[in-house]
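S.K.: turn this into a structure:
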Amino acid sequence: MNIEIANRLVNLRKKNGLSQEQLAAKLGLSRQAVSKWERAEASPDTDNLICLAKLYGVSLDDLLNTDEPVEEIAREQEEKRAEEEKKEEEAAKEEAQEAKEADKEEKAGHDSVHIGPSGIHVKSEDGTEVHISAKGVTVHDPEEGDDVHVGFDGVRVKEKEKTRFEIIKEILWPIFLFGAVIAYVLLGFFWTEHGAGWAVGWVAFLYAIVLGSVVECIGKKRFSPFALPILIVAVYVGLGITSSLYSWGWTFWHPGWVLFLLIPVYYPLAGALDRVIHKNDPVSVHLDAVDAEEDDD
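M.R.: Have a look, this model is predicted:
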(Lines give C-alpha, C1' and ligand atoms only; values in the text may rest on other atoms or scores of the structure.)
Protein backbone atom coordinates (compact mmCIF):
# COMPACT_ATOMS: atom_id res chain seq x y z
CA MET A 1 0.00 0.00 0.00
CA ASN A 2 1.32 3.44 -0.90
CA ILE A 3 1.52 6.30 1.55
CA GLU A 4 -1.31 8.23 -0.10
CA ILE A 5 -3.87 5.47 0.55
CA ALA A 6 -2.45 4.94 4.03
CA ASN A 7 -2.99 8.62 4.86
CA ARG A 8 -6.52 8.39 3.44
CA LEU A 9 -7.28 5.48 5.79
CA VAL A 10 -6.00 7.52 8.74
CA ASN A 11 -8.13 10.55 7.81
CA LEU A 12 -11.28 8.44 7.24
CA ARG A 13 -10.86 6.71 10.59
CA LYS A 14 -10.42 9.98 12.45
CA LYS A 15 -13.30 11.58 10.51
CA ASN A 16 -15.57 8.79 11.73
CA GLY A 17 -14.36 9.27 15.31
CA LEU A 18 -12.71 5.87 15.67
CA SER A 19 -9.49 4.93 17.38
CA GLN A 20 -7.28 2.18 16.06
CA GLU A 21 -8.52 -0.12 18.84
CA GLN A 22 -12.18 0.60 18.03
CA LEU A 23 -11.68 0.04 14.29
CA ALA A 24 -9.80 -3.19 14.96
CA ALA A 25 -12.62 -4.41 17.22
CA LYS A 26 -15.22 -3.70 14.51
CA LEU A 27 -13.17 -5.63 11.93
CA GLY A 28 -12.21 -8.45 14.30
CA LEU A 29 -8.51 -7.68 13.92
CA SER A 30 -5.64 -6.63 16.17
CA ARG A 31 -4.68 -2.99 16.65
CA GLN A 32 -1.26 -3.79 15.21
CA ALA A 33 -2.86 -4.80 11.88
CA VAL A 34 -4.65 -1.46 11.59
CA SER A 35 -1.47 0.37 12.57
CA LYS A 36 0.49 -1.37 9.79
CA TRP A 37 -2.14 -0.29 7.21
CA GLU A 38 -1.88 3.32 8.28
CA ARG A 39 1.94 3.22 8.21
CA ALA A 40 1.85 1.71 4.70
CA GLU A 41 3.66 -1.38 5.99
CA ALA A 42 0.84 -3.72 4.96
CA SER A 43 -2.29 -3.71 2.80
CA PRO A 44 -5.83 -4.78 3.79
CA ASP A 45 -7.14 -7.82 1.94
CA THR A 46 -10.25 -7.62 -0.27
CA ASP A 47 -12.70 -8.45 2.53
CA ASN A 48 -11.25 -5.81 4.82
CA LEU A 49 -11.29 -3.20 2.02
CA ILE A 50 -15.01 -3.86 1.44
CA CYS A 51 -15.69 -3.57 5.17
CA LEU A 52 -13.73 -0.31 5.39
CA ALA A 53 -15.62 1.17 2.42
CA LYS A 54 -18.99 0.29 3.97
CA LEU A 55 -17.91 1.46 7.41
CA TYR A 56 -16.74 4.86 6.11
CA GLY A 57 -19.59 5.20 3.59
CA VAL A 58 -17.34 5.49 0.53
CA SER A 59 -16.82 3.45 -2.59
CA LEU A 60 -13.82 1.26 -3.20
CA ASP A 61 -12.73 3.67 -5.93
CA ASP A 62 -12.77 6.57 -3.47
CA LEU A 63 -10.96 4.45 -0.91
CA LEU A 64 -8.23 3.26 -3.25
CA ASN A 65 -8.06 6.16 -5.70
CA THR A 66 -4.54 7.46 -6.13
CA ASP A 67 -2.66 9.68 -8.56
CA GLU A 68 0.44 7.55 -8.20
CA PRO A 69 1.41 5.79 -11.47
CA VAL A 70 0.98 2.03 -11.74
CA GLU A 71 4.70 1.61 -12.25
CA GLU A 72 5.44 3.43 -8.99
CA ILE A 73 2.92 1.34 -7.06
CA ALA A 74 4.40 -1.85 -8.49
CA ARG A 75 7.93 -0.70 -7.64
CA GLU A 76 6.94 0.08 -4.04
CA GLN A 77 5.26 -3.29 -3.66
CA GLU A 78 8.32 -5.04 -5.08
CA GLU A 79 10.59 -3.17 -2.68
CA LYS A 80 8.40 -4.12 0.28
CA ARG A 81 8.32 -7.75 -0.77
CA ALA A 82 12.10 -7.77 -1.16
CA GLU A 83 12.53 -6.15 2.26
CA GLU A 84 10.19 -8.66 3.90
CA GLU A 85 11.97 -11.57 2.22
CA LYS A 86 15.32 -10.20 3.40
CA LYS A 87 14.06 -9.92 6.97
CA GLU A 88 12.68 -13.46 6.84
CA GLU A 89 15.96 -14.76 5.40
CA GLU A 90 18.00 -13.00 8.11
CA ALA A 91 15.66 -14.34 10.81
CA ALA A 92 15.99 -17.87 9.40
CA LYS A 93 19.79 -17.57 9.29
CA GLU A 94 19.89 -16.29 12.86
CA GLU A 95 17.63 -19.09 14.04
CA ALA A 96 19.73 -21.68 12.23
CA GLN A 97 22.93 -20.24 13.74
CA GLU A 98 21.46 -20.32 17.24
CA ALA A 99 20.32 -23.91 16.73
CA LYS A 100 23.78 -24.83 15.44
CA GLU A 101 25.52 -23.22 18.42
CA ALA A 102 23.10 -24.87 20.85
CA ASP A 103 23.71 -28.25 19.23
CA LYS A 104 27.46 -27.65 19.31
CA GLU A 105 27.35 -26.73 22.99
CA GLU A 106 25.26 -29.80 23.77
CA LYS A 107 27.65 -32.13 21.94
CA ALA A 108 30.83 -30.48 23.20
CA GLY A 109 29.56 -30.21 26.75
CA HIS A 110 31.98 -27.33 27.40
CA ASP A 111 32.41 -25.58 30.73
CA SER A 112 29.82 -22.99 31.66
CA VAL A 113 30.05 -20.15 34.15
CA HIS A 114 27.10 -18.16 35.44
CA ILE A 115 27.52 -15.10 37.65
CA GLY A 116 24.42 -13.51 39.13
CA PRO A 117 22.68 -12.36 42.30
CA SER A 118 22.50 -15.96 43.49
CA GLY A 119 26.28 -16.34 43.28
CA ILE A 120 28.82 -17.96 40.98
CA HIS A 121 27.93 -21.29 39.40
CA VAL A 122 30.46 -23.30 37.38
CA LYS A 123 29.80 -26.54 35.52
CA SER A 124 32.72 -28.34 33.91
CA GLU A 125 32.78 -30.63 30.90
CA ASP A 126 32.87 -33.77 33.04
CA GLY A 127 29.79 -32.69 35.00
CA THR A 128 31.60 -31.42 38.09
CA GLU A 129 29.74 -28.47 39.61
CA VAL A 130 30.96 -25.68 41.89
CA HIS A 131 28.50 -23.25 43.48
CA ILE A 132 29.67 -20.19 45.44
CA SER A 133 27.02 -18.16 47.23
CA ALA A 134 26.29 -16.42 50.51
CA LYS A 135 25.60 -19.84 52.02
CA GLY A 136 29.12 -21.08 51.27
CA VAL A 137 30.86 -23.23 48.69
CA THR A 138 29.37 -26.48 47.36
CA VAL A 139 31.22 -28.95 45.13
CA HIS A 140 29.52 -31.88 43.40
CA ASP A 141 31.58 -34.65 41.79
CA PRO A 142 29.28 -36.87 39.66
CA GLU A 143 32.00 -39.38 38.86
CA GLU A 144 32.77 -40.14 42.50
CA GLY A 145 29.25 -39.29 43.68
CA ASP A 146 30.55 -37.01 46.43
CA ASP A 147 29.19 -33.66 47.63
CA VAL A 148 31.22 -31.25 49.77
CA HIS A 149 29.75 -28.11 51.35
CA VAL A 150 31.77 -25.51 53.24
CA GLY A 151 29.84 -22.71 54.93
CA PHE A 152 29.16 -20.88 58.16
CA ASP A 153 27.38 -23.97 59.46
CA GLY A 154 30.57 -26.01 59.08
CA VAL A 155 31.84 -28.61 56.64
CA ARG A 156 29.55 -31.37 55.37
CA VAL A 157 30.66 -34.24 53.18
CA LYS A 158 28.20 -36.57 51.50
CA GLU A 159 29.93 -39.59 50.02
CA LYS A 160 28.49 -41.87 47.39
CA GLU A 161 26.72 -44.99 48.55
CA LYS A 162 29.05 -47.93 48.91
CA THR A 163 28.62 -50.92 46.68
CA ARG A 164 28.00 -54.40 48.08
CA PHE A 165 31.53 -55.39 47.10
CA GLU A 166 33.01 -52.44 49.01
CA ILE A 167 30.96 -53.33 52.07
CA ILE A 168 32.15 -56.95 51.88
CA LYS A 169 35.77 -55.80 51.65
CA GLU A 170 35.35 -53.62 54.73
CA ILE A 171 33.92 -56.60 56.63
CA LEU A 172 36.50 -59.15 55.49
CA TRP A 173 39.63 -57.06 56.09
CA PRO A 174 39.22 -56.92 59.92
CA ILE A 175 38.43 -60.65 59.85
CA PHE A 176 41.66 -61.41 57.97
CA LEU A 177 43.64 -59.16 60.31
CA PHE A 178 42.09 -60.74 63.41
CA GLY A 179 42.77 -64.19 61.95
CA ALA A 180 46.43 -63.23 61.43
CA VAL A 181 46.70 -62.19 65.07
CA ILE A 182 45.15 -65.46 66.23
CA ALA A 183 47.43 -67.48 63.93
CA TYR A 184 50.50 -65.61 65.18
CA VAL A 185 49.61 -66.20 68.84
CA LEU A 186 48.75 -69.88 68.32
CA LEU A 187 51.96 -70.53 66.39
CA GLY A 188 53.95 -68.79 69.08
CA PHE A 189 52.45 -70.83 71.91
CA PHE A 190 52.24 -74.23 70.24
CA TRP A 191 55.19 -74.24 67.85
CA THR A 192 57.77 -73.86 70.55
CA GLU A 193 60.60 -75.92 69.10
CA HIS A 194 63.54 -73.57 68.41
CA GLY A 195 61.10 -70.74 69.06
CA ALA A 196 59.98 -71.13 65.46
CA GLY A 197 56.38 -70.10 66.14
CA TRP A 198 57.27 -66.53 67.14
CA ALA A 199 60.03 -66.29 64.55
CA VAL A 200 57.91 -67.41 61.60
CA GLY A 201 54.36 -66.66 62.74
CA TRP A 202 54.44 -62.94 61.89
CA VAL A 203 54.24 -63.80 58.17
CA ALA A 204 50.56 -64.53 58.85
CA PHE A 205 49.99 -60.80 58.56
CA LEU A 206 51.40 -60.93 55.03
CA TYR A 207 49.01 -63.75 54.18
CA ALA A 208 46.15 -61.55 55.42
CA ILE A 209 47.14 -58.98 52.81
CA VAL A 210 47.29 -61.71 50.17
CA LEU A 211 43.78 -62.86 51.08
CA GLY A 212 42.58 -59.28 50.77
CA SER A 213 44.00 -59.11 47.24
CA VAL A 214 42.22 -62.37 46.39
CA VAL A 215 38.92 -60.77 47.40
CA GLU A 216 39.82 -57.79 45.21
CA CYS A 217 40.47 -60.11 42.27
CA ILE A 218 37.14 -61.87 42.75
CA GLY A 219 35.22 -58.60 43.10
CA LYS A 220 36.75 -57.01 40.01
CA LYS A 221 36.99 -60.32 38.10
CA ARG A 222 40.59 -59.50 37.26
CA PHE A 223 43.97 -61.14 37.94
CA SER A 224 46.08 -57.99 38.14
CA PRO A 225 45.13 -56.95 41.73
CA PHE A 226 46.59 -60.16 43.16
CA ALA A 227 49.40 -59.32 45.63
CA LEU A 228 51.96 -61.77 44.24
CA PRO A 229 55.01 -59.89 45.64
CA ILE A 230 53.57 -60.09 49.18
CA LEU A 231 52.88 -63.80 48.78
CA ILE A 232 56.42 -64.45 47.53
CA VAL A 233 57.91 -62.49 50.45
CA ALA A 234 55.77 -64.47 52.93
CA VAL A 235 56.81 -67.82 51.43
CA TYR A 236 60.47 -66.82 51.01
CA VAL A 237 60.89 -65.45 54.53
CA GLY A 238 58.82 -68.20 56.19
CA LEU A 239 60.68 -71.07 54.55
CA GLY A 240 64.00 -69.30 54.85
CA ILE A 241 63.70 -68.83 58.61
CA THR A 242 62.35 -72.35 59.09
CA SER A 243 65.18 -73.93 57.09
CA SER A 244 67.74 -71.98 59.10
CA LEU A 245 66.23 -72.91 62.48
CA TYR A 246 65.98 -76.63 61.67
CA SER A 247 69.32 -76.87 59.82
CA TRP A 248 67.95 -78.80 56.85
CA GLY A 249 71.44 -79.11 55.45
CA TRP A 250 70.59 -76.46 52.97
CA THR A 251 68.72 -73.20 53.40
CA PHE A 252 65.84 -71.90 51.39
CA TRP A 253 67.42 -68.45 51.15
CA HIS A 254 69.62 -69.22 48.18
CA PRO A 255 67.37 -71.15 45.79
CA GLY A 256 64.25 -69.39 47.10
CA TRP A 257 65.09 -66.00 45.56
CA VAL A 258 64.13 -67.49 42.18
CA LEU A 259 60.51 -67.02 43.22
CA PHE A 260 60.89 -63.25 42.78
CA LEU A 261 61.45 -63.78 39.05
CA LEU A 262 57.77 -64.68 38.83
CA ILE A 263 56.76 -61.07 39.52
CA PRO A 264 57.86 -59.51 36.18
CA VAL A 265 56.36 -62.51 34.40
CA TYR A 266 53.00 -62.64 36.18
CA TYR A 267 51.75 -59.05 35.89
CA PRO A 268 52.18 -58.60 32.10
CA LEU A 269 50.43 -61.94 31.58
CA ALA A 270 47.69 -61.06 34.08
CA GLY A 271 47.15 -57.66 32.46
CA ALA A 272 46.93 -59.19 29.00
CA LEU A 273 44.50 -61.83 30.24
CA ASP A 274 42.34 -59.17 31.90
CA ARG A 275 42.19 -57.17 28.69
CA VAL A 276 41.13 -60.23 26.71
CA ILE A 277 38.42 -61.17 29.20
CA HIS A 278 37.06 -57.61 29.55
CA LYS A 279 37.78 -56.27 26.05
CA ASN A 280 34.08 -55.38 25.51
CA ASP A 281 33.54 -54.11 29.04
CA PRO A 282 33.66 -50.25 29.27
CA VAL A 283 34.28 -50.52 33.00
CA SER A 284 37.50 -52.40 32.28
CA VAL A 285 38.80 -49.51 30.21
CA HIS A 286 38.11 -47.16 33.11
CA LEU A 287 39.87 -49.46 35.59
CA ASP A 288 42.92 -49.67 33.35
CA ALA A 289 43.09 -45.87 33.24
CA VAL A 290 42.73 -45.61 37.01
CA ASP A 291 45.44 -48.22 37.59
CA ALA A 292 47.76 -46.35 35.22
CA GLU A 293 47.18 -43.09 37.11
CA GLU A 294 47.88 -44.80 40.44
CA ASP A 295 51.11 -46.27 39.03
CA ASP A 296 52.19 -42.80 37.86
CA ASP A 297 51.51 -41.35 41.30
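S.K.: show residues contacting the host helix or strand of residue 275.
M.R.: Residue 275 is part of helix 263-277, with elements assigned from DSSP states H and E. With contacts defined as CB atoms under 8 Å, 6 or more residues apart in numbering, helix 263-277 is touched by 221, 222, 223, 224, 226, 228, 229, 232, 284, 288. Yep, even glycine has a C-beta here, placed from its N, CA and C like the rest.
S.K.: which of those sits closest to residue 31?
M.R.: Comparing the contacts of helix 263-277 against residue 31 with CB to CB places residue 284 closest, at 67.8 Å.
S.K.: need the pLDDT of that closest one.
M.R.: Listed pLDDT for residue 284 reads 49.
S.K.: residue 239 versus residue 97, what's the distance?
M.R.: 76 Å (CB to CB, to the nearest Å).
S.K.: between those two, who's got more neighbours?
M.R.: Taking other CB atoms under 10 Å, residue 97 and residue 239 do not tie; residue 239 has more neighbours (19 against 10).
S.K.: from residue 53, how far off is the residue nearest in space to the middle of the chain?
M.R.: The chain has residue 127 as the residue nearest its centroid, 3.5 Å off, counting by CA atoms, centre = their mean. According to CB to CB, residue 127 and residue 53 sit 66 Å apart.
S.K.: also residue 210?
M.R.: Taking CB to CB, one finds residue 210 at 103 Å from residue 53.
S.K.: give the buried residues for stretch 244-264.
M.R.: For stretch 244-264, a neighbour-count test (16 or more other CB atoms under 10 Å) marks 251, 252, 256, 259 as buried.
S.K.: any chance of those in TSV with secondary structure, pLDDT and distance to residue 274 as columns?
M.R.: What follows is the buried residues of stretch 244-264, written out as TSV (DSSP: H, G, I helix; E, B strand; the rest coil; pLDDT from 0 to 100; distance: CB to CB, whole Å):
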residue	secondary structure	pLDDT	distance to residue 274
251	coil	75	37
252	coil	80	32
256	helix	84	28
259	helix	90	23
